[in-house]
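Peer 1: got a sequence here, can you model it:
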Amino acid sequence: MKSKNPDSLFKFMPFNLNTLKTLINQEFYFAKLSELNDPNDCNVEIRVRDPDKIAQELRDKLYKKCVNVKKDLLSDTILLPRRPSIDEMANIIYRYYAENYFGILSFCYEPDSIKDQLMWSHYADASKGICLVFDRDELVPNEFKTINDRNEGIVRYNLEPIEIDNNLDSLMKDPSELKLKYFFYKTKQWGKEKEYRYVINFHGFSPFLDVLQNRYLKFPPKNLKRIFLGEKIEKQSKEVLFRLNEIKGYDFEVIPMQWDRNIKGLKT
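Peer 2: Numbers count the residues shown, from 1 in each chain. Below is the predicted model of the structure:
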């Protein structure tokens, strides 16, 4: 998991109302797992170390917790007609906490992605959108980085099982005990995206009430260094970006992308 952190982060976006809100309010939205475009995102198998050592009293607590989780999710699967295993109960609780107590913000860390037609097609409205380029350093407040031991980094494209301690009692009391590396795994089919993520724990963010509101995090305008324009972006959208650069304290460079017939690809 220890990889060199990139200097720049790339955010492909359509040019729509949500993108304008991002630029005007200078804030990022931290999404729930269910809002991500990959339904199997973070679908990592949780395995409990030494499950046979877990006392019956804790097993009953886990089962009760899972029943409540399933009721909350309006689901009646897996719990009937049999009681799930310790690993199955741990997976239910992990997924529930991950969905309800944590948020994810995704970027691309690969500079060459700016020439990738698939990234422009999938995330920037078929090249009618933009790509924001941020300086990663100090993109989030330093205080935020102390909230847990693992809240930013490069995504790994395999779904290796995660082994956790058998002290599940603390996890049920405090969702922040959830292993953050859970959020940094995807299937290999997504490897081309070269994703870099931030993860925040909303269960105990009281020190950041001045920064976080409704899953949003302010970013320093000085960190937005460049905006690449999709080759099919509308003229009005360009004008809005130039105006924002003047009135919102930005100092970003605007760079149009072009299709080069000779190389049969995108270039700046």
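
Peer 1: can you give me the helices in this protein?
Peer 2: Ranges of helices in the chain, per DSSP state H, are 17-25, 56-72, 86-101, 117-123, 168-173, 235-247.

Peer 1: tell me where this protein is predicted with low confidence.
Peer 2: In the predicted model of the chain, residues 1-3, 70-82, 141-150, 174-177, 203-213 satisfy pLDDT under 70.

Peer 1: center of it - which residue?
Peer 2: residue 104 (2.7 Å; Cα atoms, centre = their mean).

Peer 1: where's it relative to residue 172, distance?
Peer 2: As judged by Cβ to Cβ, to the nearest Å, residue 104 and residue 172 stand 23 Å apart. (Each C-beta comes from the backbone N, C-alpha and C, glycine too.)

Peer 1: quick one: the strands in this structure?
Peer 2: 8-13, 27-29, 46-48, 102-108, 130-135, 152-154, 162-164, 195-201, 212-213, 216-218, 224-229, 253-256, 258-260, 265-267 (DSSP state E).

Peer 1: how about those strands in JSON lines, adding distance to residue 19?
Peer 2: As requested, the strands of the chain are exported to JSON lines (distance: least, Cβ to Cβ, whole Å):
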{"stretch": "strand 8-13", "distance to residue 19": "5"}
{"stretch": "strand 27-29", "distance to residue 19": "11"}
{"stretch": "strand 46-48", "distance to residue 19": "35"}
{"stretch": "strand 102-108", "distance to residue 19": "14"}
{"stretch": "strand 130-135", "distance to residue 19": "7"}
{"stretch": "strand 152-154", "distance to residue 19": "22"}
{"stretch": "strand 162-164", "distance to residue 19": "34"}
{"stretch": "strand 195-201", "distance to residue 19": "18"}
{"stretch": "strand 212-213", "distance to residue 19": "19"}
{"stretch": "strand 216-218", "distance to residue 19": "14"}
{"stretch": "strand 224-229", "distance to residue 19": "10"}
{"stretch": "strand 253-256", "distance to residue 19": "15"}
{"stretch": "strand 258-260", "distance to residue 19": "21"}
{"stretch": "strand 265-267", "distance to residue 19": "20"}
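
Peer 1: figure out which of the ones you listed is closest to residue 54.
Peer 2: Nearest to residue 54 among the strands of the chain is strand 46-48 (7.3 Å), distances taken as Cβ to Cβ.

Peer 1: burial of the nearest residue to residue 202 once chain neighbours are set aside, as a residue count?
Peer 2: Among residues not flanking residue 202 along the chain, residue 101 sits closest, at 5.6 Å (Cβ to Cβ, 6 or more residues apart in numbering). When neighbours are counted by other Cβ atoms under 10 Å, residue 101 registers 18.

Peer 1: could you check how far residue 101 is from residue 164?
Peer 2: Using Cβ to Cβ, one obtains 16 Å as the distance from residue 101 to residue 164.

Peer 1: picking that back up, out of the strands of the chain, the one nearest residue 115 is which?
Peer 2: Ranking these by proximity to residue 115 (Cβ to Cβ) places strand 265-267 first, at 4.6 Å.

Peer 1: list the contacts of that closest one.
Peer 2: For strand 265-267, contacts defined as Cβ atoms under 8 Å, 6 or more residues apart in numbering pick out 114, 115, 116, 117, 120, 231, 257, 258, 259, 260.

Peer 1: check contacts around the fourth one.
Peer 2: Read it as residue 117. Taking Cβ under 8 Å, 6+ apart, one finds 127, 265, 266 in contact with residue 117.

Peer 1: list buried residues within those residues.
Peer 2: The neighbour count (16 or more other Cβ atoms under 10 Å) marks 127, 266 as buried among those.

Peer 1: sorry, back to before: the residue nearest to the centre of the chain reaches residue 201, doesn't it?
Peer 2: No. Taking contacts as Cβ atoms under 8 Å, residue 104 lies outside contact range of residue 201: 11.3 Å.

Peer 1: lovely, talk soon.
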